[in-house]
Each structure stands twice: as C-alpha cells, then as structure tokens.
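A.B. asks: no letters, just coordinates:
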C-alpha cells in the first residue's frame, strides 16, 4: 500500500493545477449504475489517470444505509491514504444516534475528518436551528466546511444557514447550471456559500463569475463515481481564465478552507 | 489526453458541434453573452463547425428564430450552420419553414417537445419527415430516454432516408438508444449531456461503435469545455475520438447542406 501511495504522489506531482475534489464518494451505493466504480482502488486509479491530487471523500454507507456506520467505515477505509480526506455525515444530535455536538466534532477532528456532509431530505431531518443549531455552531467555531448536496435543501434554508452561521463554509454540491438566479442574490450577502463545479457548468460560466467577483466561491468537484472525472477536469483546464485563477477553482479555494479547519 | 490536461485547443482536427443553440431561455440565466461569445468558444477550443438552432424557435416563434439563425450563418458562413426548428403545434407554419429550407439549401432540422406535448411521431410532423426523407436531411431531436426514442424509431422506420440524430444520447434508459441504433441504419447518437455519467462515452462506443456517434455541446446551456472533455478523456482510441468529434458529423451533414448563395 505504501508503494502505491508513493507512486500516486509522484504521478500527482506533475500536474500544475493540483486539483482538489470536494465532491467524491466511495463504497457500494444503493443506486449504482452498471459499470460505475465503487472501490478505493478504482478511485485511486482514476485520480491518477485524471491527475486529481486530493479529494474529500464520504462513504456511500453514510448516505444510503446509516451515517454512523458510514462515518466509521470511511475513516477505516482511507486510513492515512495520501491526499484522501474523510467526510462525515451529520445527523441531529437530539435523535441520539451521534454524541453531543462537542464530542462529535472533537471525535471528527481527532480522526482527521476535514468536512461534514448533510442529507436532510434523504435522512429525514431539519436543518433549522431547533434541530441542528448547536451542532452547526460547533462546526462553525472550528471552521469545518459543510457539504450540502443538491435537492437536499431549498435556497431559503441555505440563506438562513449562511446568515445564522456566517463563519460556517457551506458548500452546495451537484447543483445544476440553472440555479444562477438563486445564487447571485445569495452571494451578495453570503460569501460563506460555495458551489462545486460537478454539474454547475455552462458556457462562459467561470469567466462570468470572475467578472462578478465570485471566483472564490467556486470549488472543483467531480461527483465521482456518478460522473466522469474527464468532464470535471476539462471544466477547469479549458476555462477561459488565467492559470492562477484555474488553480484557485481547481484546488486553491478548497485548500484554503481545509487549512482553516480546527483553527477556530 | 494531453490537450485536455493542458487546456489546449484542438488543431488540425475536424471538430464539429452537432448540437448547440443561440438565444435566451426563460427559466434560468445564461451567462454566455450572445452569438459572438459562442463563436469565440468554438475558436478557443478548436471547433471547426457549429450546427445550431434558435431557442426563440424552440420556445415561441419558429419563423422568427429560424430567420435569426439564417442571419447568423450569413455572419459566420464558414463556422455556423443553421438547424431550422419545426413546431408541431404551429402546423400552419411548417410549409413556410420547409420552403425557407429549400430556398437556403438547409438540410438540417431540430425538433423539441418543449412547449408542446405532441410526441415525435405525431402526424403534424409528417410534412417535415417527408421532406427530410426526400432530400436525406438530418433531424436532430431532443431526447430524454425511451419516451422520446420509441416514437423516433417509428419515424426512422417509415422515413428511412431521413437521418435521425438523437440528442443527449444515454442521458437515461441507455439501452433504448442502443436498440434504436442497432435497429435502424438511419439513427445516430449525439453526445451532449450535462449529466456526465461515468463511462457513458465508452459504453456508447462499445455498444454501437464510434461510427454512429456525433459530438455536441448544447452551448450556451452546457459548457463546451465540459463536453469536449468527456470525449477527450474517454478511455477509447484516438481514432474513435476523431470519428466522434467530427469525422462522423462531416459525413452525416452533407457538405453542400448550407446556403451557397
């Protein structure tokens, strides 16, 4: 395993962009399409092939089966894998399935977890303060980014979330290219709101957001293994912006968020 | 592959976008700023020919939108080539559109069920299909799986000299696309798809062969950067990529299929 990790590092070092994927899943999923990869070895091989340096990774079990089981699995599975950082799925502490907020976040950080993901619709809970407020406040204090997949929220919830927790980085993942009339007004007042590029790509979108001063809100994401990494990579490499700006969207913006985790 | 990682335009290659649009759309903001920006995208990526339809045609006014794309062709005669849109819920306009096509020697048409609920095998489309069958024209259809592919198979069977190009191939019900291509020699697949399913391009090639697949971007909705990357980064041979990116479309759209005046 060590040899494989070393070889991954060498392969990844030759890319100028140092792509950092914020939207990646591993493990057997309930709704797998035939031919889709699911194993860690396949993920590593694809990262080498498509020259992706790092990734935030959650386990399919934490989405499709049980968050607590999936959270345990992802830490064991990644276990120090070079460039792969575990993501934990959150639940309302009040349901009693995860420990109290302080203990949960402390456990997370001790296990090298760099971000959380929430599936409030899929897992049937509320993101409102009466349900999640305490946990979100602790995550905010530690600057832990929260991934929020498309169709798990409405934009009014996102507004409230960003407003009530201005230091909590909220990364909406997998949103489609038709959401600009929500996003542009939200970004006027909520710069802790980020979007991944896995489905959020339209002609001239990145130069358009650069012009509006929102390049810092964009994070490279693949939505692996549902989507082909080639599509996600080319959105960055072919973007009509300069190399430094490609590096920011490709990994710099996310790297900055991750460096802040635990600093609060 | 190196072009993909370096973000380099394709040079000295035939790259034909068989599915793009011009205009605005009602239910979301389009960041790209008009036809000139789309042309610039093509030049930036190395796309040598664009086949586009008007979104105004698809939504409200086929005649006005079709006139717009003919004017766009006049402005970019070597790069942009128009699809004329036929709307089945305006059957009284279809003869005028076909006359327009004949006058301008346009041999490609676009059909879409946005704004109308008529299936692609509805008899209101028949004047178009009869004309396409007579001259061997291309009919690009917006598709979303079996609900669209099934009626188009009936069309392909009845109008066997019309070339039916299935837009967004493989977006859902993948098997329906494979069955359609295997069943009818006049059905072809087009690749643009914002849902960039893992392995889809490889499966399309494996199931039907690269010879029946054409590249498209769906600009300005989708990112041409993303769509070209799906082909360049696919685990298929360079020859297969070349066929998909342009060689097939060059064969499908006859070279004289434009206004030569």
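C.D. replies: Structure's in. What do you need? Just so we're clear, the structure is a prediction, and the values are computed from it rather than from any experiment.

A.B. asks: nearest to chain A within the stretch 51-200 of chain B, name that residue for me.
C.D. replies: When you check the stretch 51-200 of chain B against chain A by Cβ to the nearest Cβ, the closest residue turns out to be residue B:196, at 3.5 Å. Just so you know, the C-beta spots here come from the backbone N, C-alpha and C atoms, and that holds for glycine as well.

A.B. asks: that residue: what's it in contact with?
C.D. replies: For residue B:196, the contacting residues are A:227-228, A:230-232, B:226, B:230, taking Cβ atoms under 8 Å, 6 or more residues apart in numbering or on different chains as the criterion.

A.B. asks: check residue B:211 too.
C.D. replies: Contacts here follow Cβ under 8 Å, 6+ apart; on that basis residue B:211 touches B:243, B:248.

A.B. asks: for the stretch 1-150 of chain A, what lies in contact range of chain B?
C.D. replies: Within the stretch 1-150 of chain A, the positions lying close to chain B (Cβ under 8 Å from any Cβ of the partner chain) are A:15, A:33, A:35-37, A:50-51.

A.B. asks: ok, 10 Å please
C.D. replies: Applying Cβ under 10 Å from any Cβ of the partner chain, one finds that the stretch 1-150 of chain A approaches chain B through A:14-17, A:33-37, A:46, A:49-51.

A.B. asks: looking at those residues, which are in helices?
C.D. replies: For these, the ones inside helices are A:46, A:49, with DSSP state H as the criterion.

A.B. asks: quick one, strands of the chain?
C.D. replies: In the absence of a named chain, this looks at chain A. Residue ranges of the strands in chain A, as given by DSSP state E, are A:19-26, A:52-59, A:84-89, A:115-117, A:146-149, A:170-173, A:193-196, A:218-219.

A.B. asks: let's do chain B instead
C.D. replies: B:16-22, B:49-54, B:80-82, B:84-85, B:108-111, B:138-141, B:163-166, B:187-190, B:213-214.

A.B. asks: which one of those strands is the most hemmed in?
C.D. replies: strand B:213-214 (a mean of 30; mean count of other Cβ atoms under 10 Å in any protein chain shown).

A.B. asks: so what's residue B:223 closest to, chain neighbours aside?
C.D. replies: In space, not counting the residues next to it along the chain, residue B:223 is nearest to residue A:201; the distance is 3.9 Å by Cβ to Cβ, 6 or more residues apart in numbering or on different chains.

A.B. asks: what pLDDT does the model give the one you found?
C.D. replies: Taken from the predicted model, the pLDDT recorded for residue A:201 is 90.

A.B. asks: how many residues are close by it?
C.D. replies: Per other Cβ atoms under 10 Å in any protein chain shown, the neighbour tally for residue A:201 reads 25.

A.B. asks: may I have the phi/psi pair for it?
C.D. replies: Dihedral angles of residue A:201 (phi, psi; degrees, to the nearest 10) stand at phi -150, psi 120.

A.B. asks: if I pick it, what's in contact with it?
C.D. replies: With contacts defined as Cβ atoms under 10 Å, 6 or more residues apart in numbering or on different chains, residue A:201 is in contact with A:176-177, A:231-232, A:234-236, A:239, B:194, B:196, B:222-227, B:229.

A.B. asks: got a ChimeraX select line for the buried ones in the residues you listed?
C.D. replies: Here is the ChimeraX selection string for the buried members of those, based on 16 or more other Cβ atoms under 10 Å in any protein chain shown:
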select /A:177,231,232,234,235,236,239 /B:194,196,222,223,224,225,226,227,229
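
A.B. asks: now the closest residue to chain B within the stretch 1-150 of chain A. Nearest residue, chain neighbours left out?
C.D. replies: Among residues of the stretch 1-150 of chain A, the one nearest chain B by Cβ to the nearest Cβ turns out to be residue A:35. It sits 4.7 Å away. Once flanking residues are discounted, residue A:35 sits nearest to residue B:199: 4.7 Å by Cβ to Cβ, 6+ apart.

A.B. asks: equivalent analysis for residue B:233, please.
C.D. replies: Take residue B:233 and drop its neighbours on the chain: the residue closest to it by Cβ to Cβ, 6+ apart is residue A:230, 2.3 Å away.

A.B. asks: and the one you found, how many residues sit next to it?
C.D. replies: When neighbours are counted by other Cβ under 10 Å, residue A:230 registers 26.

A.B. asks: which residues in chain B form helices?
C.D. replies: According to DSSP H, chain B carries its helices in the segments B:2-6, B:34-45, B:55-59, B:62-75, B:94-104, B:126-135, B:146-158, B:174-183, B:200-208, B:224-232, B:238-242, B:248-252.

A.B. asks: most packed of the ones you listed?
C.D. replies: Highest mean neighbour count of the helices of chain B: helix B:224-232, a mean of 27 (counted as mean count of other Cβ under 10 Å).

A.B. asks: and the angle from that one to strand B:16-22?
C.D. replies: 160 degrees (axes from the mean of the first three to the mean of the last three Cα atoms, to 10 degrees).

A.B. asks: quick one: work out the angle between helix B:224-232 and helix B:34-45.
C.D. replies: Using the same axes, to 10 degrees, helix B:224-232 lies at 40 degrees relative to helix B:34-45.

A.B. asks: hey, where'd the helices end up in the stretch 51-200 of chain A?
C.D. replies: Here the stretch 51-200 of chain A has its helices, by DSSP state H, counting those that start in this stretch, at A:60-64, A:67-78, A:101-110, A:129-141, A:155-164, A:180-189.

A.B. asks: for the record, mean pLDDT for the longest one?
C.D. replies: In this model, helix A:129-141 has an average pLDDT of 98.

A.B. asks: and that helix, what other elements does it pack with?
C.D. replies: If contacts are counted by 3 or more Cβ pairs under 10 Å, 6 or more residues apart in numbering or on different chains; DSSP states H and E, helix A:129-141 sits against helix A:101-110, strand A:115-117, strand A:146-149, helix A:155-164.

A.B. asks: dump those to CSV, plus mean neighbour count and mean pLDDT.
C.D. replies: Putting the helices and strands packed on helix A:129-141 into CSV (neighbours: other Cβ atoms under 10 Å in any protein chain shown; pLDDT from 0 to 100) gives the following:
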stretch, mean neighbour count, mean pLDDT
helix A:101-110, 17, 97
strand A:115-117, 24, 98
strand A:146-149, 24, 98
helix A:155-164, 16, 97
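
A.B. asks: ok so, going back, dump the helices of chain B to CSV, plus distance to chain A and mean pLDDT.
C.D. replies: Converted to CSV, the helices of chain B look like this (distance: least, Cβ to the nearest Cβ, whole Å; pLDDT from 0 to 100):
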stretch, distance to chain A, mean pLDDT
helix B:2-6, 6, 91
helix B:34-45, 6, 95
helix B:55-59, 13, 96
helix B:62-75, 16, 97
helix B:94-104, 26, 97
helix B:126-135, 28, 98
helix B:146-158, 16, 98
helix B:174-183, 8, 98
helix B:200-208, 6, 97
helix B:224-232, 2, 97
helix B:238-242, 11, 97
helix B:248-252, 19, 97
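
A.B. asks: excluding its backbone neighbours, what's nearest residue A:133?
C.D. replies: In space, and not counting its chain neighbours, residue A:133 is closest to residue A:164: 7.4 Å by Cβ to Cβ, 6+ apart.

A.B. asks: for that neighbour, what are its contacts?
C.D. replies: For residue A:164, the contacting residues are A:128-129, A:133, A:136-137, A:140, taking Cβ under 10 Å, 6+ apart as the criterion.

A.B. asks: who wins for neighbours among these?
C.D. replies: Neighbours were tallied for each of those (criterion: other Cβ under 10 Å), and the maximum of 23 neighbours falls on residue A:136.

A.B. asks: got the contact list for that residue?
C.D. replies: If a contact means Cβ under 10 Å, 6+ apart, then residue A:136 has A:90, A:101, A:116, A:118, A:127, A:129, A:144, A:146, A:161, A:164-165, A:168, A:170 as its contacts.

A.B. asks: what does residue A:153 give?
C.D. replies: Shown in contact with residue A:153 (Cβ under 10 Å, 6+ apart): A:118-121, A:127, A:161, A:170, A:172, A:175.
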